[in-house]
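Peer 1: could you look at this predicted model? Sequence included:
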Amino acid sequence: WLNRFMILRLLGIIYAVAFLVAINEIIPLIGSDGLTPVNIFLKQVSDALGSKNAGFMHLPSFFWFNHSDTALLTVSWIGFVLSCVVVAGYANAPLLTILWFLYMSIVHAGQEWYGYGWEIQLLETGFLAIFLCPLLDMRPFPKRPPPFPIIVLFRWLIFRIMMGSGLIKIRGDEIWRNGTALYYHFETQPLPGPLSRWFHFLPHAILKTGVWFNFLAELVAPLFVFWPRAARHVAGVVIVLFQITIILSGNLSFLNWLTIVPALACFDDGFWSKILPRGLVNKAEAANQNAIPSRPMVTTAWIVTAIVAMLSIQPALNLLSPRQLMNTSFDPLELVNTYGAFGTVGKERLNVIFEGTMDDHPGDSANWKPYIYRGLPVLLDRKPPQIAPYQLHLDWQMWFAAMDSPTDYPWTYNLVWKLLHNNKNALSLFKENPFGDKPPKYVRAVLYRYSFSKPGNPKGLWWNRESIGVWIPALSVEDTTLVNYLRGQGWVH
């Protein structure tokens, strides 16, 4: 009873954060005037598959029926409000089904912005949570007990998440195998947090120990999630503590918070009764004493278990494969997926900074002013902010883009075009606009190499950096090559 209560409350918080992110960013990203408009994407999918119906079967989403900006925001707001209801303690199967489908609609329309492993992980977690609840009773402690098969499926989920992450590291990068990965990770991770520099400058012996703790949590602890309660509790504690460590050391969106959800299934009411307030424990005990099992609920749980078992064949084989895939789904509803994180760790931090100038001549001597990201480092004296569990989609994509070229991320040209027009939606993705009401004459993107400054340095800097070169050359609204390219993509008319 307390297990279900804790799982649903934390899941509700994560859903609320995810929908709040969509409220703030879905229009600038995939709206009608977004960086990658959803109407263009859906048309490409339907053309490739032959029809909208085929597109819906391949990528189920409400937005096949209506993808206006109003529809995008309405779905996001409904999801946020319903998530808050779950956080408040009220949930049943229909409510969680609605949340699951609404968020699936966003993920399937979100293109590369929603292509991260935690998005499908939230969908799989949300799907299982539907069957923890009664059909109608929304009370925090309803009369129907949580079906045990669903608890086991949550344990199967945390097993795959952790084992997948551990195996991809062992197979993926020598610096994981030799124990030196954390010499670099805290500095080069996508969005460092306030404590990342402190972690980075820890003694190497401690950082090597951190790698072995990583493997303890990802490769050893999962083996015990199906064991009797003592071993299972220890495994759950190790996994949760590992996730908390990652939360403290960086900004990995809601990934680690979400990973804690299925890990809670390692515990039971006996464990929670020693931690939670007595009043809450008494309510759970009273509900347990008055419980009335539901045969349809139990039958449904076993049917879901059978479906998940069948869909688990490919993910399980993937875990055993030397060509392991991570963060991949094998079915259109993302019911059973493969997971993994940081199979390789970069040894240097590259950042692309967008810059604008009001000067007539856009050479290196011009007065270039940077657009400040909300999370990625730009100013050398600015402390990395705490962002997670919130997600900054532009910042994450630009972290990946810095390791490739703008041709691999063509929407960056659309972003330049919007910055040249002071587009308010695009500017909302940044923390600061250096040009006020008047747009710049030229915008460019420059590639820099960043590294942490040592704590206590005389200038009080958080970062050092050196320029590597121009990533996107200076462009203006009169650049015909840019205009023609954007027209060819359907981004301007």
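Peer 2: That came through fine. Residues are numbered from 1 along each chain as shown.
Peer 1: wasn't Leu335 part of a helix?
Peer 2: No - assignment of Leu335 by DSSP: H, G, I helix; E, B strand; the rest coil gives coil, placing it outside any helix.
Peer 1: so what's it up against?
Peer 2: Taking CB atoms under 8 Å, 6 or more residues apart in numbering as the contact definition, Leu335 lies against 124, 127, 307-308, 311. Any C-beta I mention is one placed from the backbone N, CA and C, and that applies to glycine too.
Peer 1: same question, Trp491
Peer 2: Per CB under 8 Å, 6+ apart, neighbours of Trp491: 37, 40, 414, 417.
Peer 1: I'd like the distance from stretch 460-470 to the chain centre, please.
Peer 2: How far stretch 460-470 lies from its chain's middle: 27 Å, per CA atoms, centre = their mean, to the nearest Å.
Peer 1: mean confidence (pLDDT) on stretch 400-418, please.
Peer 2: Regarding stretch 400-418, the rounded mean pLDDT is 97.
Peer 1: please enumerate the strands of the stretch 201-350 of the chain.
Peer 2: Along the stretch 201-350 of the chain, the segments classed as strands by DSSP state E, counting those that start in this stretch run 328-329, 337-338, 349-357.
Peer 1: which SSE is Ser165 in?
Peer 2: Using DSSP states H and E, Ser165 maps to helix 148-172.
Peer 1: in the helix or strand following that helix, what's buried?
Peer 2: Using DSSP H and E, the helix or strand that follows helix 148-172 towards the C-terminus is helix 174-177. Under the neighbour-count criterion of 16 or more other CB atoms under 10 Å, helix 174-177 has 175-176 buried.
Peer 1: again with stretch 386-406
Peer 2: Buried residues in stretch 386-406, counted by 16+ other CB under 10 Å: 386-399, 401-402, 406.
Peer 1: now do stretch 282-300
Peer 2: For stretch 282-300, burial by neighbour count (16+ other CB under 10 Å) applies to 283-284, 287, 294, 297-298, 300.
Peer 1: would you turn those residues into a markdown table with distance to Ala18?
Peer 2: Listed next are the buried residues of stretch 282-300 as a markdown table, based on distance: CB to CB, whole Å:
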| residue | distance to Ala18 |
| --- | --- |
| Lys283 | 28 |
| Ala284 | 28 |
| Ala287 | 29 |
| Ser294 | 30 |
| Met297 | 27 |
| Val298 | 30 |
| Thr300 | 26 |
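Peer 1: in helices only, show me the residues you listed.
Peer 2: Under the assignment DSSP state H, the buried residues of stretch 282-300 contribute 283-284, 287, 297-298, 300 to helices.
Peer 1: how many neighbours does Ala93 have?
Peer 2: Under the neighbour criterion other CB atoms under 10 Å, Ala93 is assigned a count of 19.
Peer 1: so what's it up against?
Peer 2: Ala93 neighbours (CB under 8 Å, 6+ apart): 130-131, 133-135.
Peer 1: do the same with Cys84
Peer 2: Contacts of Cys84 by CB under 8 Å, 6+ apart are 12, 16.
Peer 1: so it is in which element?
Peer 2: Cys84 belongs to helix 69-87 when assigned by DSSP H and E.
Peer 1: following the chain past that helix, name the next helix or strand.
Peer 2: Sequence-wise, the next helix or strand downstream of helix 69-87 (DSSP H and E) is helix 93-109.
Peer 1: so for that following helix, what gets flagged as buried?
Peer 2: Applying a neighbour-count criterion of 16+ other CB under 10 Å, one finds 93, 95-97, 99-109 buried in helix 93-109.
Peer 1: swap in stretch 223-242?
Peer 2: Quick answer for stretch 223-242 (16+ other CB under 10 Å): 224-225, 232-233, 235-236, 238-240, 242.
Peer 1: for stretch 128-137, same thing?
Peer 2: Under 16+ other CB under 10 Å, the buried positions of stretch 128-137 are 128-134.
Peer 1: now, among the residues you listed, which is nearest to Asp437?
Peer 2: Using CB to CB, Ala129 comes nearest to Asp437 of the buried residues of stretch 128-137, at 46.7 Å.
Peer 1: which residues touch the closest residue to Arg171 other than its chain neighbours?
Peer 2: Excluding the flanking residues, the one nearest Arg171 by CB to CB, 6 or more residues apart in numbering is Gln324, at 6.1 Å. Contact partners of Gln324, counting by CB under 8 Å, 6+ apart, are 164, 167-168, 171, 318, 338, 340.
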